[in-house]
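[1] Sharing a model that was predicted from the sequence below.
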Amino acid sequence: MAKIFISYKSEDEDKTKALVDDIEKLGYTVWFDRELSGGQKWWDTILESIRDCDMLVFALSVESLNSSACSREYDYASKLGKTILPVLVGENVSINLLPPVLSQIQFVDYRDPDRDALLHLAKALTSAPPSQPLPNPLPLPPEVPISYLGKLGKQISNTSKLSYEEQSTLLVDLKRGLHDPETAADTRTLLKKLRKRQYLFENIAKEIDELLEDTVPKKSVRPQVSETEQATPKKNQSQEIKSEEVDKNSFWTSLPGIMTGFVIIVAIVTGLYFASIGKIPPTDQVGYVCYDKKIEGNDGEVFYKGCKIYETSCISNSKEHFGKYPTKSQTEDAYVRCINGTPQPVPEPAQPKNVLELVQHAKAYYYGTQTIAKDYTKAKDYFLRAANENSIDAYRYLGTIYLFGHGAAVNKEEAKRWLQMAIASGDMRAQEIYNKYISPSDQNTSYTKYKVVNVASNDTLNVRTNPFVEPNNKVGELQPYARDIRILECKANYKGVQWCKIESYEGGYALRGWVVGRCLAPQNPPKTSSNLYHVINIRSDDTLAVRNGPGTQYYKTGDLPYNASGVQVGRCRYSSKGGKWCVVNYANIEGWASAIYLRRE
């Protein structure tokens, strides 16, 4: 009889054992993980059993759908061409939310394992199509499933600077761990570690403080009572006489306490009423301004949906954090700014010390804050200074400034120049603005072919069904050298991370899905005179290595001659070892090169 592999979650072990017993009674050989617990050896045994089986039976439940190990098991089985049979063993499973691998397969309902359910199971097992022969070569085996907290901890421990996008994504992922009793303590440790990092954005730091404050366990304190106080005291005759006098006046003496309690109840009810309608009571106390969703327009404007005022933290009300304020007036001012789409105040440094502070300074004048009046002219000056430091954000903002006349006369050619520089550096939002306002007719001809960047040579770029990371929404992978990729659309997800929907025919088959936008770059970006460099400090008998990512750990894509000139340079970033690397394009050689060997012409 056929060999059957059972994929299940440990929480469903009792139900799965009953299912295994019934399948074995039908005469099938079943591989069921009863003893192995974890590690590489455990995972290798599981993968070998999947390759050796004739069918994979997936014990379908909410727990197994959320399991990283289970999702990797059925995904690997699908790539091997194995027959997959979902068997429903748990409650509250939404069939509409099943991953693509499982949604197109008829499942067997085995929540009530009676005679009819056994007959349906036997029919499904016998009528299932046979598995395909193993492909040659075999697909890459999935990695050992590890806790997502371990990956977050590794990212937090990394010494390189984290961008605002990376800090926000980390914070959202850590919030999930606070709601899980098994990971709450470890999540708090990681939050404290993240809070100690340098160059943490102000609103990120405030929200971490708020999370740590809200998740501190509150201990109830009971006064210590001595044995003599616990014992019932004996009353003498004088005490009995006094107690009779107290009983006569008990109502009048307790009346003030009753009135005090009534006033407290009224105050609580009033506070709850004001909180329910989104306003704070007319007293100076801490207020929280929260919102449902943040939207960024194509011209750089920011909009907040569902702005509301609360007396408790935003996370406790299932909202996003806009700001925390000590007084009523400051809270109401922030509420108005939230409605009008004005970002939170950006502290104005006395003198910007680096390109990050230059961009923050420029955005403060571009949008206006509670303490800084909106001034497009000053914003343009700071963006120009940041652009001289190769800031991609500055390129894009300068493009919108000249495109819409914000602090400068409308100049479409100048706007086109700056937007092309941002696009050449891999900025997808600049590409959207360019296609919409500069050259709508060129949307299908300009920059239609992209390549994979920022992926190590021993890694791959995951392609997913939706623009966010979930255990069960992976549909494929792109190799670090993949090219000729077509972008269908780009947008920011609910975490604010830029994702792009792509189409690729790598390996001879069509692959369509969503990938992280920062891992794509144009294959043939335009050359502009303002970003041309030449190679320096290289011996005449040597060359400058060009790699697939910012660091020596990435594989080489080519070499630049020691005297190369007219090298196009795009965005730059620091590697994990602290060295500055830049995107270069020269004579069909594209990739990353060390910035110390480049000088502007």
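    Here it is on my side, so go on. Not measured: the values here are computed from a predicted model. Numbering: from 1, shown residues only.

[2] Dihedrals phi and psi, Lys308?
    Torsion angles at Lys308 (phi, psi; degrees, to the nearest 10) stand at phi -160, psi 150.

[3] and what of Thr543?
    Here the main-chain torsion angles of Thr543 (degrees, to the nearest 10) amount to phi -140, psi 160.

[4] That one against Lys556, yeah?
    No: using C-beta atoms under 8 Å as the test, Thr543 is too far from Lys556 to be in contact (10.1 Å). For every residue, glycine as well, the C-beta is placed using N, CA and C.

[5] Closest to the centroid, which residue in the chain?
    Thr169 (3.8 Å; C-alpha atoms, centre = their mean).

[6] quick one: that residue from Ile433, how far?
    According to C-beta to C-beta, to the nearest Å, Thr169 stands 23 Å off from Ile433.

[7] Same question for His321.
    28 Å.

[8] Low-confidence regions, the stretch 101-250 of the chain specifically.
    145-151, 179-182, 215-250 (pLDDT under 70).

[9] So which residues of it form helices?
    115-127, 148-157, 164-178, 184-195, 202-214, 227-230, 237-248, 250-276 (DSSP state H, counting those that start in this stretch).

[10] Please name the bridge partners of Leu56.
    Beta bridges link Leu56 to Phe5, Ile84, judged by DSSP bridges.

[11] can you offset everything so residue one is 27?
    Sure thing, new numbering starts at 27, so read that last one as Leu82.

[12] What distance do you get for it to Ala103?
    4 Å.

[13] Tell me the residues that contact both of the two, please.
    Listed as contacting both Leu82 and Ala103 by C-beta atoms under 8 Å, 6 or more residues apart in numbering are Phe31, Ser33, Ile76, Ile110.

[14] Residues in contact with stretch 217-237: which ones?
    Counting by C-beta under 8 Å, 6+ apart, 179, 182-183, 187-188, 190, 193-194, 196-197, 200-201, 204, 238, 339-341, 347, 349-350, 370, 372-373, 382 sit against stretch 217-237.

[15] Quick one: buried ones out of these?
    Among those, those classed as buried by 16 or more other C-beta atoms under 10 Å are 179, 182, 188, 193-194, 196-197, 200, 204, 339-341, 347, 349-350, 370, 372, 382.

[16] hang on, Ala388 packs against Ala405?
    Yes: between Ala388 and Ala405 a contact is recorded at 4.9 Å, counting by C-beta under 8 Å.

[17] quick one, which of the two is more surrounded?
    Between Ala388 and Ala405, Ala388 has the larger neighbour count (other C-beta atoms under 10 Å), namely 28 against 23.

[18] give me every residue that touches the more buried one.
    Contact analysis of Ala388 by C-beta under 8 Å, 6+ apart lists Lys404, Ala405, Lys406, Asp407, Tyr408, Phe409, Ala412, Ala420, Tyr423.

[19] what inclination does the helix or strand encompassing it have with respect to helix 190-204?
    Assigned by DSSP states H and E, Ala388 belongs to helix 381-393. Computed by axes from the mean of the first three to the mean of the last three C-alpha atoms, to 10 degrees, the angle separating helix 381-393 from helix 190-204 equals 90 degrees.

[20] Now do helix 381-393 and helix 228-240, the angle between them.
    Per the same axes, to 10 degrees, the angle that helix 381-393 makes with helix 228-240 is 100 degrees.

[21] quick one on the thing from earlier: among the contacts of Ala388, which one lies nearest to Cys364?
    Ala405 (21.1 Å; C-beta to C-beta).

[22] Surely that closest one is in contact with Ile427?
    Yes: applying C-beta under 8 Å as the test, Ala405 and Ile427 come out as touching, 7.4 Å apart.

[23] which SS state does Arg625 fall under?
    Put simply, Arg625 is strand when judged by DSSP: H, G, I helix; E, B strand; the rest coil.

[24] Tell me, how many residues neighbour Glu99?
    By other C-beta under 10 Å, 27 other residues sit near Glu99.

[25] Sorry, slip of the keys, the one I care about is Gln224.
    Neighbour count for Gln224, taken as other C-beta under 10 Å: 7.

[26] Give me the phi and psi for it.
    Note on Gln224: its backbone torsions stand at phi -80, psi 160 [degrees, to the nearest 10].

[27] could you measure it against Leu424, distance?
    29 Å.

[28] again, but for Val541
    Using C-beta to C-beta, we find Val541 at a distance of 28 Å from Leu424.

[29] Repeat that for Lys517.
    For Lys517 relative to Leu424 (C-beta to C-beta), the value is 23 Å.

[30] who has more neighbours, the two?
    Shown here are Lys517 and Leu424; by other C-beta under 10 Å, Leu424 has more neighbours (27 against 15).

[31] in what helix or strand does the more buried one lie?
    Leu424 belongs to helix 418-430, assigned by DSSP H and E.

[32] That helix: which residues count as buried?
    Ile418, Asp419, Ala420, Tyr421, Arg422, Tyr423, Leu424, Gly425, Thr426, Ile427, Tyr428, Leu429.

[33] Not counting sequence-adjacent ones, nearest residue to the fourth one?
    Read that as Tyr421. Ala448 (3.8 Å; C-beta to C-beta, 6 or more residues apart in numbering).

[34] what ranges of the stretch 327-476 of the chain fall below the confidence cut-off?
    Ranges of the stretch 327-476 of the chain meeting pLDDT under 70: 327-328, 366-378, 395-397, 465-474.

[35] Let me see the ranges of the strands in it.
    With DSSP state E, counting those that start in this stretch, the ranges of strands along the stretch 327-476 of the chain come out as 328-331, 334-336, 346-351, 476-478.

[36] quick one: strands adjacent to the third one?
    Note on strand 346-351: by DSSP bridges, its sheet partners are strand 313-317 (antiparallel).

[37] downstream neighbour of the partner strand in the secondary structure list?
    Per DSSP H and E, the helix or strand that comes after strand 313-317 is strand 319-322.

[38] Alpha carbons of that following strand, as PDB, please.
    What follows is strand 319-322, C-alpha atoms only, in PDB (Å, rounded to 0.1, in the frame of the first residue of the first chain):
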ATOM      1  CA  LYS A 319      -4.100  53.800   8.900                       C
ATOM      2  CA  LYS A 320      -1.300  56.000   7.400                       C
ATOM      3  CA  ILE A 321      -1.400  56.800   3.700                       C
ATOM      4  CA  GLU A 322       1.400  58.500   1.700                       C
END
